[in-house]
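**Student:** Sequence below, structure please.
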Amino acid sequence: MAVAGSGGFVGRAEELARLLAALDQAEQGRPTMVLVAGDAGVGKTRLVAELAHQARQRRARVLVGGCLEVGDVGLPYVPVVAALRGFVVEADNRELLGAAAKGLPRLGRLLPELADESNAPASLGEGLEQLQLFDGVGSLLVRLSEQAPLVLVLEDLHWADASTRELVAFLHQTLRMGRLLLVATYRSDELQRRHPLWPWLAELGRRPGVARLELGPLRRAELAEHLAAVRGQRLSAAAVERIFARSEGNPFYAEELLAVGADHAEVALPRALGEVLLARVQVLSDAAQQVLRVAAVAGRRVSHQSLVAAARRPEAAVERGLREAVAAGLLVAEAASESYSFRHALLQEALYGDLLPSERVRLHASFAQLLEEDGGGAGASAAELAYHCLASHDLAGGLVASVQAATEAQVVHAPGERLRHLEQALSLWERVPEAARLTGMDRIDLVLGAAAAANDAGEVDRAVGLARQAIDEVDEHLDPLRTARAHERLAHYFRGGQEEDKLRLCRHAEQLVPRDPPTPLRARVTAALAQALANTQQREESRRWCQEAEAVNFCETG
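**Tutor:** Next up, the predicted model:
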């Protein structure tokens, strides 16, 4: 993908090489056809533009025409006419085209300026007249390719009329000579099973000599280079990751997100982009649109069972909507997991943003209830439950689920996620009555757990701040042991260069924990004090505390 006006060309090296190889074949007198498919915004137009640029450098002639979004409503041959007219307006090409068209009947029906009154054909009947027109177009292209290789690009074939599709199929089937490369592009995400291009592609696919080229999204490194070309400077790794996650490598989506500042913060979906995405939904039936709205609240993926239950409609009606959404390429059915996922994350985001606030709350509450009833089965997680509880304004449920989600994250060694869930729980604590009873822990435990998670996640400053918060909130006289633990943890989180502060904290912690009976906390604080003394070169005293720590550990394990 490259940027318009940037002069660069990012990624797509393999795809471009395949198109240039097809041009090589055409230059040797073997007519070649390539179908380029890809989702909207993935870069089909820019790829064929680069092909056109390099073809012209190789002295080839390039004709480019595009279909209009009108379908089968009486505008036949639009891309072919546009390509020929574009060729005419280029310098010195009118006479060249006129000479090539001389003696070819029916071309005047496409372009009146090519009409040859001296050779007007007699009426042969509708079917034969169209065949004669097709043959005239093919002969014209072959004649033009005699002086220089010819590249004919027809864009957006998913909007082509029936006659254009028939003409392209005819050209492929009948042209056996000429230095001609025909490249046609279409949107693969537009093709549901009732789309008229679907059977056309299936028929063409059975014929030899048709190359298929499917454009996928850009990889992360390619998108970073693309965005750097757009912005004029490289973006930070975090900014690239943020845009890559939302755009999934689609260059157009990424550019729209960059334009509204998504490189700096989590911004709302651009209105124009949202309208583009929602336009594909609005042509579906009410049943399909309702299914998609419910699925959008579930998130990127939803199980069949949950979707039916949350929709609160008969399963047969939900299935009809699902079938339409899948056929339209908006949802992808996953047989193994009996679930559905959005083809693109931004579509889910656009649908979610289009919901009424009351719809969101009601549907989130439905999904939260389903997850609670499921009891964590079928791959459900406490993090999902917390999300739906909070979105439906169930603060108590959100608090409990957040604490459980932190535990689940700890089990799988994900400290960053554990920290996020614990901080979310802390933000809810004062707003939920009887929070300690609901969660089975008090606020100090929560703060110290968050501090440990922050430290494990590499956020040392955050760990220090949370440990200081625990010290400020705990009552030393009522709870000396947890006060000692908070002091020991703060000393542990301090960086190098703060040795005196560490020593002060460790001495205070040791004074708060009794020698008898021996406990793991006593072992921890004495070991920490020994280390702090060693770091300040007080080795003799350090050795004594180290011996006590070892003795306490021996008592605990022996």
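**Student:** C-alpha only now, for contacts and for neighbours.
**Tutor:** Fine.
**Student:** do you know how far residue 97 is from residue 488?
**Tutor:** 87 Å (C-alpha to C-alpha, to the nearest Å).
**Student:** for residue 22, same thing?
**Tutor:** Plainly put, residue 22 is 70 Å away from residue 488 if you go by C-alpha to C-alpha.
**Student:** same check, this time on residue 498
**Tutor:** 14 Å.
**Student:** More neighbours: which of those two?
**Tutor:** Taking neighbours as other C-alpha atoms under 10 Å, residue 498 and residue 488 compare with residue 488 leading, 27 against 10.
**Student:** can you tell me the average pLDDT over the strand or helix carrying that one?
**Tutor:** Element membership for residue 488 (DSSP states H and E) is helix 480-493. Averaged over helix 480-493, pLDDT sits at 90.
**Student:** same check, this time on stretch 233-246
**Tutor:** The model assigns stretch 233-246 a mean pLDDT of 87.
**Student:** Distance from the chain centre to it, please.
**Tutor:** Offset of stretch 233-246 from its chain centre (C-alpha atoms, centre = their mean, to the nearest Å): 13 Å.
**Student:** likewise stretch 224-232?
**Tutor:** For stretch 224-232, the distance to the chain centre is 18 Å (C-alpha atoms, centre = their mean).
**Student:** Only the buried residues of it, if you could.
**Tutor:** Neighbour counts over stretch 224-232 (16 or more other C-alpha atoms under 10 Å) mark 224-230 as buried.
**Student:** I'd like those as CSV, with pLDDT, distance to residue 411 and secondary structure appended.
**Tutor:** Shown next, in CSV, are the buried residues of stretch 224-232 (pLDDT from 0 to 100; distance: C-alpha to C-alpha, whole Å; DSSP: H, G, I helix; E, B strand; the rest coil):
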residue, pLDDT, distance to residue 411, secondary structure
224, 89, 34, helix
225, 88, 37, helix
226, 87, 39, helix
227, 88, 38, helix
228, 88, 39, helix
229, 85, 42, helix
230, 83, 42, helix
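**Student:** Quickly name whichever of the residues you listed is closest to residue 248.
**Tutor:** Residue 248 lies nearest to residue 224 out of the buried residues of stretch 224-232, by C-alpha to C-alpha, at 12.2 Å.
**Student:** Need the three-state assignment for residue 42.
**Tutor:** coil (DSSP: H, G, I helix; E, B strand; the rest coil).
**Student:** burial of it, as a residue count?
**Tutor:** Residue 42 has 22 neighbours, counted by other C-alpha under 10 Å.
**Student:** quick one, what contacts it?
**Tutor:** Counting by C-alpha atoms under 8 Å, 6 or more residues apart in numbering, residue 42 makes contact with 1, 215-218, 250-252.
**Student:** what about 7 Å?
**Tutor:** 215-217, 250-252 (C-alpha atoms under 7 Å, 6 or more residues apart in numbering).
**Student:** Could you check the pLDDT of the nearest residue to residue 473 once chain neighbours are set aside?
**Tutor:** In this structure, residue 473 finds its nearest non-sequential neighbour in residue 444, 7.2 Å apart by C-alpha to C-alpha, 6 or more residues apart in numbering. What the model reports as pLDDT for residue 444 is 93.
**Student:** and the gap between residue 444 and residue 367?
**Tutor:** Separation of residue 444 from residue 367 (C-alpha to C-alpha) stands at 31 Å.
**Student:** For these two, indicate the residue with more neighbours.
**Tutor:** The residue with more neighbours, out of residue 444 and residue 367, is residue 367; 25 against 21, by other C-alpha under 10 Å.
**Student:** what sits against that one?
**Tutor:** For residue 367, the contact set (C-alpha under 7 Å, 6+ apart) comprises 310, 388.
**Student:** That one in helix, strand or coil?
**Tutor:** helix.
**Student:** can you list contacts of the helix or strand hosting residue 21?
**Tutor:** Assigned by DSSP H and E, residue 21 belongs to helix 13-27. Defining contact as C-alpha under 7 Å, 6+ apart, one finds that helix 13-27 is touched by 32, 47, 51, 149, 179-181.
**Student:** Can I get that helix as CSV, trimmed to CA atoms?
**Tutor:** In CSV, the C-alpha atoms belonging to helix 13-27 read as follows (Å, rounded to 0.1, in the frame of the first residue of the first chain):
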residue,chain,number,x,y,z
ALA,A,13,6.0,-6.5,-3.2
GLU,A,14,4.8,-10.1,-3.8
GLU,A,15,1.5,-9.0,-5.3
LEU,A,16,3.2,-6.4,-7.6
ALA,A,17,5.7,-9.0,-8.7
ARG,A,18,2.9,-11.3,-9.8
LEU,A,19,1.2,-8.5,-11.8
LEU,A,20,4.5,-7.6,-13.5
ALA,A,21,5.1,-11.3,-14.3
ALA,A,22,1.6,-11.3,-16.0
LEU,A,23,2.7,-8.2,-17.9
ASP,A,24,5.8,-10.0,-19.0
GLN,A,25,3.6,-12.8,-20.4
ALA,A,26,1.4,-10.3,-22.2
GLU,A,27,4.4,-8.6,-23.7
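**Student:** can you pull the buried residues of it?
**Tutor:** Under the neighbour-count criterion of 16+ other C-alpha under 10 Å, helix 13-27 has 15-16, 19-20, 22-27 buried.
**Student:** How far away from the center of its chain is it?
**Tutor:** Offset of helix 13-27 from its chain centre (C-alpha atoms, centre = their mean): 29 Å.
**Student:** just the strands in this structure please.
**Tutor:** Assignment of strands within the chain using DSSP state E yields the ranges 32-38, 61-66, 150-155, 180-187, 210-215, 301-303, 331-334, 339-342.
**Student:** The shortest one: partners in the sheet, and parallel or antiparallel?
**Tutor:** Strands adjacent to strand 301-303 in the sheet, as given by DSSP bridges, are strand 339-342 (antiparallel).
**Student:** any idea of the mean pLDDT for the strand it pairs with?
**Tutor:** The model assigns strand 339-342 a mean pLDDT of 87.
**Student:** Contacts made by it with the rest, please.
**Tutor:** With C-alpha under 7 Å, 6+ apart as the criterion, strand 339-342 contacts 300-304, 330-334, 348.
**Student:** Go again with 10 Å.
**Tutor:** Contact with strand 339-342 is made by 292, 295-296, 298-307, 322, 325-326, 329-334, 348-349, as judged by C-alpha atoms under 10 Å, 6 or more residues apart in numbering.
**Student:** what comes up buried for stretch 511-531?
**Tutor:** Of the residues in stretch 511-531, 512-513, 518-519, 521-531 count as buried by neighbour count, 16+ other C-alpha under 10 Å.
**Student:** what's the span of it, first residue to last?
**Tutor:** Stretch 511-531 has an end-to-end distance of 16 Å (criterion: C-alpha to C-alpha).
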